[in-house]
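A.B. asks: Structure here, sequence nowhere to be found:
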């Protein structure tokens, strides 16, 4: 769809009763189970000039999710790319 069509598009499926309450409960559980993200520097000299971190954060039910965070040098706004491999795909190496 074009952007214009997407902005006008409306779903015809009726919303199930209690959907807002269900989502509120799920989000509250997720917040209660969450632990702070942990960033650990990874091979600081190998990936220069990038800074590479082994990242661990909370997913559903507090299960830990691991990934890589690669940051180019510099301050200010930077572009971002997020790649989600999916369950069991593994994260491989940072590069």
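C.D. replies: Received the coordinates, thanks. What you see is a predicted model; the values in this text were computed from it and never measured.

A.B. asks: where's residue 68 relative to residue 1, distance?
C.D. replies: Residue 68 sits 33 Å away from residue 1, going by Cβ to Cβ, to the nearest Å. C-betas here are computed from N, CA, C, even on glycine.

A.B. asks: Between those two, tell me which one has more neighbours.
C.D. replies: Between residue 68 and residue 1, counted using other Cβ atoms under 10 Å, residue 68 has the larger neighbour count: 16 against 8.

A.B. asks: how would you label that one: helix, strand or coil?
C.D. replies: What DSSP: H, G, I helix; E, B strand; the rest coil gives for residue 68 is strand.

A.B. asks: I'd say residue 40 and residue 52 touch.
C.D. replies: No - with contact defined as Cβ atoms under 8 Å, residue 40 does not count as touching residue 52 (9.9 Å).

A.B. asks: out of these two, which sits in the busier spot?
C.D. replies: residue 52 (20 against 10).
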